[in-house]
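Visitor: following is a predicted model, sequence given first.
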Amino acid sequence: MPPLQRKLTAALLVTGLASTLSLGGIAHWMLMRDFQQSVMDEAFAHFSADALAYLQRYGSWAEATRYQPFPEFVRQRHRPPMPGDAPRPRQGFDRRGAPPFHFLIMDPQGRILKGLDGLPEGTLAPPEVRATARPIRVGDRVELLASPQGEPVLTRRDEDYLAAMRQALLTGMAVAVVLALALGLLMGRRMSTSLQLLTHAIRGMQKNRELPRQVTVRSGDEIGELAQAFNAMNAELTQAHRDLREYAELTASQSARLKELSIRDPLTDLFNRRHFDEQANSLYQQAMRYGHPLSVMVGDLDFFKQINDDFSHAVGDEVLRRVAVLLRDGTRKADLVARYGGEEFVILFPESTLAQAAHCCEKLRLAIEIHPWHEVHPQLRVTMSMGLSDTLAAGSVEKMIAEADSYLYQAKHGGRNRVLPAA
Ligand SMILES: Nc1nc2c(ncn2[C@@H]2O[C@H](COP(=O)(O)OP(=O)(O)OP(=O)(O)O)[C@@H](O)[C@H]2O)c(=O)[nH]1
């Protein structure tokens, strides 16, 4: 049993037991008090009827006691009916002749006419006895005072009745305790289940970062409010999480785009010079370290100024774009192709000897030469001169580029549209 359920059950059980015991005690006390009162009322009614009959027969108490003692008169009055007696009204419980109370009889001033233990005839009854005395009247006149003395004498029937009432009280108390226990178990389980749902949801959020999570608690109490507050908080958190993720994705894509822009040449979409230098440098370091071959090509379009002048700057731009595509399509993915300056391009060939790079560059040169340039302009002819270097020993990639540049210079002076050193 979960701790909360155990506590609630115990609390309701203790409360139920305490209230049942105290209520039962009060009910029992009231039952006894009312029962004794009713026994006393009944006894007094009989007693006063006997006393009145006694007075009526003999005129006064003093006169009557001279002829017949009161107890004898009462015995005679209540003897079993004899054949021929007039029918008598039935009087209350049959106490087998034992009166439930003994009454002390006093005159209206409190002087004792018929004494009991410790209270002799002729003396004045103590004030507390007189205070409990009840008047016996003839018409409006108080003839006698009667005060009950001692505990009531209960009949078997009275005791059976009281026992049945006590039994009923005990059964009621037991039922109340069982109900309190059942109620405690039920309420405890309900509260505990609701709280467990919430705890499970919160732990799920903490451990597995699971969003969204909604709990279903159908109750209008504080736990229901707690569940509603949790659901609202979870919904807000989910939304905030979603917004944050979208924002992070947007930022990531923007930063990737920015990074791409920062390393690309906008006209040809090839890598720009700065990126080439960075990458070439690191590839040079790797080649040096592992003793692998590495070649670099520097290419320059022939008479490009003439192209711009003869066919317009726009045609010149289109030539640069198409050359870029040809260079990219004619090389491997691992090769680093970049626009190095106006009409100048560079390619770094990792894992390539000079012969392999020259072979590839020769194909590139041919591809440029035979490209259908008439599509751009009918008289357009485009060629490229290229210089190569694979001299890792030069000391840096810049020095290799400088060496390739000197071969390019030679190629230009040698008639252009060629690759040097040749394959
Ligand atoms: N259309 C266009 N032209 C450019 C661009 N960048 C550089 N140029 C031009 O390219 C031309 C290069 O001319 P030069 O350096 O004289 O070389 P060349 O005319 O190709 O002569 P050689 O290299 O000796 O064959 C210059 O006129 C530049 O203005 C560009 O982005 N677009």
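Guide: Great, that's in hand.
Visitor: find the closest residue to the ligand in the stretch 51-200 of the chain.
Guide: Nearest to the ligand in the stretch 51-200 of the chain, going by CB to the nearest ligand atom, is H200, at a distance of 65.1 Å. Just so you know, the C-beta spots here come from the backbone N, C-alpha and C atoms, and that holds for glycine as well.
Visitor: pLDDT score assigned to that residue?
Guide: pLDDT recorded at H200 is 85.
Visitor: can you name every helix or strand that the top helix by length along the chain contacts?
Guide: In the chain, with assignment by DSSP state H, the single longest helix is helix 3-58. Under the contact criterion of 3 or more CB pairs under 8 Å, 6 or more residues apart in numbering; DSSP states H and E, helix 3-58 touches helix 61-67, helix 70-77, strand 102-106, strand 134-138, strand 141-149, helix 156-208.
Visitor: format these as a markdown table; extra columns: mean neighbour count.
Guide: Shown next, in a markdown table, are these (neighbours: other CB atoms under 10 Å):
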| stretch | mean neighbour count |
| --- | --- |
| helix 61-67 | 14 |
| helix 70-77 | 13 |
| strand 102-106 | 21 |
| strand 134-138 | 14 |
| strand 141-149 | 18 |
| helix 156-208 | 14 |
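Visitor: what comes up buried for stretch 304-316?
Guide: For stretch 304-316, burial by neighbour count (16 or more other CB atoms under 10 Å) applies to F304, I307, N308, F311, V315, G316.
Visitor: in a helix, the last one, correct?
Guide: Yes - assignment of G316 by DSSP: H, G, I helix; E, B strand; the rest coil places it within a helix.
Visitor: my guess is it contacts F304. True?
Guide: Yes - contact criterion CB atoms under 8 Å: G316 and F304 qualify, at 6.7 Å.
Visitor: which neighbours do those two share?
Guide: The contact sets of G316 and F304 overlap at E343 (CB atoms under 8 Å, 6 or more residues apart in numbering).
Visitor: about what we covered before: TSV for the helices and strands packed on helix 3-58, including distance to G291?
Guide: Putting these into TSV (distance: least, CB to CB, whole Å) gives the following:
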stretch	distance to G291
helix 61-67	148
helix 70-77	142
strand 102-106	134
strand 134-138	133
strand 141-149	130
helix 156-208	51
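Visitor: out of those, nearest to G24?
Guide: helix 156-208 (4.6 Å; CB to CB).
Visitor: centre of the chain to stretch 401-418, how far?
Guide: Here stretch 401-418 is found 77 Å from its chain centre; the criterion is CA atoms, centre = their mean, to the nearest Å.
Visitor: not counting its neighbours along the chain, what's nearest the residue in the stretch 151-300 of the chain that the ligand sits nearest to?
Guide: When distances are taken as CB to the nearest ligand atom, the stretch 151-300 of the chain reaches nearest to the ligand at D300, 4.9 Å away. Excluding the flanking residues, the one nearest D300 by CB to CB, 6 or more residues apart in numbering is E344, at 5.0 Å.
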